[in-house]
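K.L.:
Sharing a sequence plus its predicted fold:
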Amino acid sequence: MTDDTEANDELEHRSANADDIVVAKDGGDYETIQAAIDAIPNWNKSRTVVRIEAGRYEEKLVLPESKTNVTFVGAGPEKTVLTYDDHADKTDENGEEIGTTGSASVFVNGDGFTARNVTFENDADHVAQAVAVRVDADRAVFENCRFLGWQDTLYTYGADTRQYYRDCDIEGRVDFIFGWATAVFEDCEIRCVGEKGYVTAASTPEESDYGYVFVNCAVTGDAPADSFYLGRPWRPYAQTAFLHCYLGDHIRPEGWHNWHEPDNEETATYVEYDNSGPGSAPEKRVEWADRLTDAAAAEHASLETVFDGWNPTERLEDAT
């Protein structure tokens, strides 16, 4: 039974803007999220807000490239959950394995996408890669969202895309943040689950100035001590930086892995700056990882520098 406070919050959420599209299992403009996506005009220059009421939405979702400047607003990451249970070993109608990319619960392809107060989940059994969300959108912003999975949870897919994650929780075991994008994670909790694993598997293109940048994040979890690496290079020129982050005791002293390819040590860029916690052990890191200088750390901490002039916080400040 809903008390008066919860009822008022729900009413305010539903009526925030008369032009918003509302998805709700018990009414609203649409009962499924995909139906709401399909109804959005193509190549919008103005923003379309889709308000997704509380519920567990078991849909395999595709936001096409033509659906630009779309915002998803949930009732809260614990209340609004977008989920599916595909994994890489499943087969399609032709009997072919769908692979890592095909396993995604949500595909985000439209530029200018924003998500707030939503959980993206892949609920597959722990048998293979199972992506919660694959993001191939430039200028994508996620705030107060959860990303839940096991292996390959968050696929920052687009090589030429810029992605910003703030106040988000990201959970997994193996390579659970991976891909080509330039992505900044600020004030996020990165949760490691399972007996051992890797936090990141960047595949940064050689021509990119930045890959993954974690700022003021907490790398936590229930994993055993000395069981997780901060990252390994999915492609030779992987770039990953941790600045002002708390690192739990499950982070291995050596910090980084070469993916059994010694040549990666000559090309990958793994750097840290002013981290804290029992997993912060700069003197024990692999020799081919570096500490940032003060000047380089300031550049990594500048969103406009990392994102080549784009400041994603302006969108959040103007948020509905």
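P.N.:
Looks like it came in fine.

K.L.:
show me where the stretch 51-200 of the chain has helices.
P.N.:
Along the stretch 51-200 of the chain, the stretches classed as helices by DSSP state H, counting those that start in this stretch are 99-102.

K.L.:
could you point out where the protein is predicted with low confidence?
P.N.:
Across the chain, the ranges flagged by pLDDT under 70 are 1-16, 18, 318-320.

K.L.:
change it to 50
P.N.:
Low-confidence segments of the chain (pLDDT under 50): 1-15, 320.

K.L.:
what residue lies at the spatial centre of it?
P.N.:
For the chain, residue 154 is the residue whose C-alpha lies nearest the centre (Cα atoms, centre = their mean; 4.7 Å).

K.L.:
residues in contact with it?
P.N.:
120, 131-133, 135, 147, 170, 172, 176-179 (Cβ atoms under 8 Å, 6 or more residues apart in numbering). For every residue, glycine as well, the C-beta is placed using N, CA and C.

K.L.:
Going by neighbour count, which of these comes out on top?
P.N.:
residue 131 (33 neighbours; other Cβ atoms under 10 Å).

K.L.:
Name the nearest residue to it, ignoring sequence neighbours.
P.N.:
Closest residue to residue 131 apart from its sequence neighbours, by Cβ to Cβ, 6 or more residues apart in numbering: residue 104 at 4.0 Å.

K.L.:
Name all residues that make contact with the residue nearest to residue 202 when sequence neighbours are not counted.
P.N.:
Ranked by Cβ to Cβ, 6+ apart and with sequence neighbours excluded, the top spatial neighbour of residue 202 is residue 238, at 3.9 Å. By Cβ under 8 Å, 6+ apart, the contact set of residue 238 is 201-204, 211, 231-232, 264, 268-270.

K.L.:
which residues touch residue 264?
P.N.:
Residues near residue 264 by Cβ under 8 Å, 6+ apart: 233, 236, 238, 258.

K.L.:
Which among those residues count as buried?
P.N.:
Buried by 16 or more other Cβ atoms under 10 Å: 233, 236, 238, 258, out of these.

K.L.:
roughly how far apart are the first one and residue 51?
P.N.:
Computed with Cβ to Cβ, to the nearest Å, the distance linking residue 233 and residue 51 is 40 Å.

K.L.:
swap in residue 223?
P.N.:
Applying Cβ to Cβ, the value for residue 223 to residue 51 is 36 Å.

K.L.:
Tell me which of the two has more neighbours.
P.N.:
Taking other Cβ under 10 Å, residue 223 and residue 51 do not tie; residue 51 has more neighbours (25 against 20).

K.L.:
related to what we said a few turns ago, TSV please, covering the buried ones among the contacts of residue 264 and showing distance to residue 160 and secondary structure.
P.N.:
Below are the buried ones among the contacts of residue 264 laid out as TSV (distance: Cβ to Cβ, whole Å; DSSP: H, G, I helix; E, B strand; the rest coil):
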residue	distance to residue 160	secondary structure
233	19	coil
236	18	coil
238	16	coil
258	26	coil
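
K.L.:
ok, now which ones touch the residue nearest to residue 131?
P.N.:
Counting by Cβ under 8 Å, 6+ apart, residue 104 touches 60, 86, 122, 131-134, 155.

K.L.:
Just those: which are in strands?
P.N.:
In this view, the contacts of residue 104 that belong to strands under DSSP state E are 122, 133-134, 155.

K.L.:
Which single one of the residues you listed is nearest to residue 218?
P.N.:
Of all these, residue 218 sits closest to residue 133, with 21.1 Å by Cβ to Cβ.

K.L.:
Enumerate every residue touching the closest one.
P.N.:
Neighbours of residue 133 in contact, by Cβ under 8 Å, 6+ apart: 104-108, 120, 147, 154-155.

K.L.:
buried ones in stretch 309-320?
P.N.:
312, 315.

K.L.:
Next: stretch 295-305.
P.N.:
297, 300-301, 303.

K.L.:
how long is it from one end to the other?
P.N.:
Terminal residues of stretch 295-305 are spaced 12 Å apart (Cα to Cα, to the nearest Å).

K.L.:
Stretch 193-201: end-to-end distance?
P.N.:
End-to-end span of stretch 193-201 (Cα to Cα): 16 Å.

K.L.:
Residue 203 against residue 179, yeah?
P.N.:
Yes. Assessed by Cβ atoms under 8 Å, residue 203 is found in contact with residue 179 at 6.2 Å.

K.L.:
so what sits against both of the two?
P.N.:
Going by Cβ under 8 Å, 6+ apart, residues that sit against residue 203 and also against residue 179 are residue 234.

K.L.:
I'd like the contacts of residue 264 laid out as a markdown table, including distance to residue 112.
P.N.:
A markdown table is the format used below for these (distance: Cβ to Cβ, whole Å):
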| residue | distance to residue 112 |
| --- | --- |
| 233 | 30 |
| 236 | 31 |
| 238 | 27 |
| 258 | 37 |
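
K.L.:
doesn't residue 295 fall inside a strand?
P.N.:
No. Applying DSSP: H, G, I helix; E, B strand; the rest coil, one finds residue 295 to be helix, outside a strand.

K.L.:
That's all I had, so thanks and see you.
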